[in-house]
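[1] got a sequence here, can you model it:
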Amino acid sequence: MQSDNIKNIPIRDYLKNQGTYPAKEYSGYGMYRSPFRDERTPSFKVDYHLNLWHDFGSGEGGSIIDLVMKLDRCPFIDAIEQLRNFSFMPVKEEQHSLKLDYFCARHSSNKFGSALTDRNSSFSFHRNPEKNNGIILIEEKPLEHPRLLEYLQSRKIDLTIAREHCREVHYQTGGREYFAIGFANDAGGYEIRNPSFKGCIAPKDITHIRQDDRKETCFLFEGFMDYLSLLTIRQQLNPEYPSSNWHNNIILNSTANLKKALPLLADYDQTYCFLDNDKAGMTVFRELQKELGYRVRDSSHHYSGYKDLNEYLCAGKHLKLRQTPKKPIQKRKKGLGI
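    Down below sits the predicted model:
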């Protein structure tokens, strides 16, 4: 999809996908509470006809590409890729007479979605479509679909860990059904992911994973795939004692959720940041440093040279380091002077 076509993706639909709705709607435009700050009076305008936004609080505005770049603190090319994944393209329909599991893909190779049929009327809808983000949750269940497990394996994620922390979600949007890996957030929504789509079932929120007793340390991640990657690395390096119960975890599920996490992070003595090695990740870390000072530690140096923890996991560098034998330290012989 060309950038000119991507600009035609309705901003209103994208904001719904992020769990953001207009506070007031008028003929041809909507007024929102700004997604960039907390406010009571809506000051963020979306022109439905021109498909442009304007933030009266900051004076900024532009196309949907500009919006994604600002929301996710990402460069132009990353915003284009995210919007390309967001756009729902028509697919060739395939008929399946058996389970809902065997969807054809709307995104690629007809693996992850299918057209709705009358048989779906038996499924209970867990959310009110009018209050959702255009993606309606149909069913959530244990993670078991072979296509999703194959995808996780391609990302080198341990399947036992994935099954423990994720669900298999089936959802409807645009008159079609799809399925994906679902990661629950604190507001009852889901971050959803399959090989061709990354989005959420509203409401959008962070995920705060707490241990039974109070912990003084928290690990911070941008997305749940990074969180699963760290757990997998620990499992591979120390299969007998892979436990992470000595600290809590917060997954932002979007860098735009940082302000939601700040009050929680302020309660910890130490926060270790496993953020992406890019401009957006560095921006988040600097904001954390500004707010929390010395209590914030940058842990991205553990996977320097890689975009994120999952890329580091996929490269297997941690296993190579473990397998590299250490050279024995030779004792100096007295009197040689070397």
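[2] how much space separates residue 58 from residue 44?
    9 Å (C-beta to C-beta, to the nearest Å). All C-beta atoms are positioned from the backbone trio N, CA, C, and that covers glycine.
[3] shared neighbours of these two, which are they?
    Taking C-beta atoms under 8 Å, 6 or more residues apart in numbering as the contact rule, residue 58 and residue 44 both touch 34, 36.
[4] comparing those two, which residue is more hemmed in?
    residue 44 (26 against 13; other C-beta atoms under 10 Å).
[5] which strand residues bridge the more buried one?
    Residue 44 forms beta bridges with residue 32, residue 55, as assigned by DSSP bridges.
[6] likewise for residue 141?
    Applying DSSP bridges, one finds that residue 141 bridges with residue 168.
[7] so it sits against residue 179, correct?
    No. Contact criterion C-beta atoms under 8 Å: residue 141 and residue 179 do not qualify, at 10.0 Å.
[8] where in the chain is the helix or strand with the lowest mean pLDDT?
    Lowest on mean pLDDT, DSSP states H and E among the helices and strands of the chain sits strand 113-115, with a mean of 42.
[9] how about stretch 236-255: buried residues?
    Buried positions in stretch 236-255, judged by neighbour count with 16 or more other C-beta atoms under 10 Å: 236, 247-255.
[10] any idea how far residue 241 is from residue 273?
    Distance from residue 241 to residue 273, counting by C-beta to C-beta: 24 Å.
[11] what about stretch 186-198, how long is it end to end?
    Start-to-end span of stretch 186-198 (C-alpha to C-alpha, to the nearest Å) is 18 Å.
[12] just the CA atoms of whichever strand or helix holds residue 183, as CSV, please.
    Assigned by DSSP states H and E, residue 183 belongs to strand 176-184. Provided in CSV are the C-alpha atoms of strand 176-184 (Å, rounded to 0.1, in the frame of the first residue of the first chain):
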residue,chain,number,x,y,z
ARG,A,176,-15.1,-10.9,8.9
GLU,A,177,-13.7,-13.2,11.6
TYR,A,178,-10.1,-13.5,12.5
PHE,A,179,-7.9,-15.0,15.2
ALA,A,180,-4.7,-14.0,17.0
ILE,A,181,-2.6,-14.3,20.0
GLY,A,182,-4.1,-12.2,22.8
PHE,A,183,-2.3,-10.6,25.7
ALA,A,184,-4.6,-9.2,28.4
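[13] partner strands of it, with direction?
    With DSSP bridges as the test, strand 176-184 is paired with strand 113-115 (antiparallel), strand 167-173 (antiparallel), strand 190-194 (antiparallel).
[14] just give the nearest non-adjacent residue to residue 29, would you?
    Using C-beta to C-beta, 6 or more residues apart in numbering and skipping the chain neighbours, the partner closest in space to residue 29 is residue 47 (4.8 Å).
[15] show me the contacts for the one you found.
    28-29, 53-54.
[16] mind putting the residues you listed into TSV with neighbour count?
    Shown next, in TSV, are the contacts of residue 47 (neighbours: other C-beta atoms under 10 Å):
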residue	neighbour count
28	10
29	18
53	26
54	16
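[17] in helices, which of the residues you listed fall?
    Per DSSP state H, helices hold no members of those.
[18] pLDDT check: weakest of these?
    Minimum pLDDT for the contacts of residue 47 is recorded at residue 28 (92).
[19] wait, it sits on residue 51?
    No. With contacts counted by C-beta under 8 Å, residue 28 stays clear of residue 51, the gap being 11.1 Å.
[20] which regions of the stretch 201-338 of the chain lie under the pLDDT threshold?
    242, 322-338 (pLDDT under 70).
[21] mind listing what's buried in stretch 48-62?
    Judged by neighbour count using 16+ other C-beta under 10 Å, the buried positions of stretch 48-62 are 48, 52-55, 61.
[22] how about stretch 134-146?
    Quick answer for stretch 134-146 (16+ other C-beta under 10 Å): 134-140, 143, 145.
[23] and for stretch 17-34?
    Judged by neighbour count using 16+ other C-beta under 10 Å, the buried positions of stretch 17-34 are 17-22, 29-34.
[24] residue 248: what's it in contact with?
    208-211, 215, 217-219, 268.
[25] typo on my end, residue 182
    140, 166-169, 190-192, 201.
[26] residues in contact with residue 68?
    14, 74, 79, 82-83.
[27] just put the residues you listed in a markdown table and tack on pLDDT.
    Shown next, in a markdown table, are those (pLDDT from 0 to 100):
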| residue | pLDDT |
| --- | --- |
| 14 | 88 |
| 74 | 80 |
| 79 | 83 |
| 82 | 77 |
| 83 | 83 |
